[in-house]
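Undergrad: predicted coordinates and the sequence they were generated for:
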2 protein chains.
Amino acid sequence: MRKVVIADDHGLVRQAIIGLFAEIGDVEIVAEAADGLSAIAAVKQHLPSLLVLDAAMPLARGVEVFADVRRWSPETRVVLLTGFTSAGLLSDWINAGVDGVLLKSCNPEEMKSCFSSVLQGSQYVANAVLEILRNSDGGKSLTNREREVMALVVSGNTNVEIGERLHISVKTVEKHRASLMSKLGVRSVADLMVVAVREGWLDEHKQL
Amino acid sequence: MRKVVIADDHGLVRQAIIGLFAEIGDVEIVAEAADGLSAIAAVKQHLPSLLVLDAAMPLARGVEVFADVRRWSPETRVVLLTGFTSAGLLSDWINAGVDGVLLKSCNPEEMKSCFSSVLQGSQYVANAVLEILRNSDGGKSLTNREREVMALVVSGNTNVEIGERLHISVKTVEKHRASLMSKLGVRSVADLMVVAVREGWLDEHKQL
DNA sequence: CGAAAAATGGGGGCCGCCCCCCATATCATC
DNA sequence: GATGATATGGGGGGCGGCCCCCATTTTTCG
């Protein structure tokens, strides 16, 4: 009997996932968590074989939970369950070394195969996710500096404040800002915010 | 046997809800819909007793689905299932005449009571929703004009463009803009966008 | 090695946003 | 009828974002 922890803030989803594992068999749900901190605590306590992790939860985001899980229970395999469908975020997760990636819109059968595969040691990325990654125009990737500047822009900072924070001149901030707006194909801060929200770029204080 | 249609873009959630209705009994799930247009079509075809409606779906948003349902099948009772927790949006739905309101974070037992109550003709608003409405400081209500201006601001329009659209001078736009930013307690467009996203104020082209 | 990309910094000008001042007309409510 | 809220409009000043020009240094990569 392998131990499984389920972390999702929607009770309905947790229940449905428990149902899936009942069909798979040979596993025991040792804990459920409705927020990030509970998820971390549950994994520390039970050291499960598998964690099913929702990317968007209160108190601690999926990324933070994942980092702590890798730190405190490196043997635990992690399947990400996310509603975000942006190529950037999804490839970030895959590169971070998550063992499975599922979209919330995936059908239950695919979720079952994913859980089975990951429990057997394989990696499993949902077909819909592979499709998204294939269709993504990887060319327009932002540089690290542009990402930093954008994060501060969407947090409401002025160019002067951003310059002080990053220890660079206002002129350089303007340059990065123009580059990233151009790369993203937006002309207003409002449009930039829309992209930032869709791509999951908002900092933790502004999460939905 | 009363007919029920379930509309949610997450197969896992649909399956969990079907499980709840199996426990309730005496109902038949006549259709599932993964997007808004399918939901409308399904209701038109089956004229069900109950529609379980996710607020955020592709192709047609919950509000549009609800309007069409009331138009084409006025006898169909509607239970809203939403992840949004903003007081404004929730009270909008209740005022629109929806028969039940559930948050996705509600526990399955409460969902079952809600479905039962609504099927019997009562209205049911989740306790968590009542709590949110109680704790909302209703004071920060925007005027109609301020709402119009804000919608155009978060769509990326400049003050000049907004003035042209509303046939008022730039000066008046500035006045409304200052008023609404003050009422909402934000100082930057970025913060305004965060509020707009959280409160569900984005227009249909910018939905997540 | 040599070219391209990334990161840094500056000058100057235009335009939009913000904030202060001011005013008038309408409408609801007391 | 007076008061307050709403909506309308204006002048002017300051500042920040945006766009054009320019440059140097470092890093990356073929």
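TA: Yep, it's here.

Undergrad: where does pLDDT dip in chain A?
TA: Scanning chain A for pLDDT under 70 picks out A:59-60, A:62, A:135-140, A:202-208.

Undergrad: within range of DNA strand D, give me the residues from it.
TA: The interface of chain A toward DNA strand D, taken as C-beta under 7 Å from any atom of the strand, is made up of A:T158, A:N159, A:V160, A:V170, A:E174, A:R177, A:A178, A:M181, A:R187, A:S188, A:V189. Any C-beta I mention is one placed from the backbone N, CA and C, and that applies to glycine too.

Undergrad: take the residues you listed and keep only those in helices.
TA: Among the residues of chain A next to DNA strand D, the members found in helices (DSSP state H) are A:N159, A:V160, A:V170, A:E174, A:R177, A:A178, A:M181, A:V189.

Undergrad: just give the closest residue to the first one, not the sequence neighbours.
TA: I take that to be A:N159. Leaving out its chain neighbours, the residue that sits closest to A:N159 by C-beta to C-beta, 6 or more residues apart in numbering or on different chains is A:V173, at 4.5 Å.

Undergrad: surely the one you found and A:G163 touch.
TA: Yes: contact criterion C-beta atoms under 8 Å: A:V173 and A:G163 qualify, at 4.9 Å.

Undergrad: measure the residue located most distally from the centre of chain A to A:R177 for me?
TA: Taking C-alpha atoms, centre = their mean, the residue of chain A most remote from its mean C-alpha position is A:K171, at 33.1 Å. A:K171 sits 11 Å away from A:R177, going by C-beta to C-beta, to the nearest Å.

Undergrad: quick one: contacts of stretch A:90-107?
TA: A:13, A:55, A:63, A:66, A:70, A:77-85, A:110-111, A:114-115, A:117-118, A:123-126, A:128-129, A:132-133, A:136, B:9-13, B:34 (C-beta atoms under 8 Å, 6 or more residues apart in numbering or on different chains).

Undergrad: need the buried ones from the residues you listed selected in ChimeraX.
TA: Per 16 or more other C-beta atoms under 10 Å in any protein chain shown, the buried members of the contacts of stretch A:90-107 correspond to this ChimeraX selection:
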select /A:13,55,63,66,77,78,79,80,81,82,83,84,85,110,111,114,115,118,124,125,126,128,129,132,133 /B:9,10,11,12,13,34
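
Undergrad: for chain A, what lies in contact range of DNA strand C?
TA: By C-beta under 7 Å from any atom of the strand, the residues of chain A that approach DNA strand C are A:143-146, A:163, A:166, A:168-172, A:175-176.

Undergrad: from the residues you listed, list just the buried residues.
TA: By 16+ other C-beta under 10 Å, these give A:R145, A:E146, A:G163, A:I168, A:H176 as buried.

Undergrad: around A:V154, count how many other residues there are.
TA: 24 (other C-beta atoms under 10 Å in any protein chain shown).
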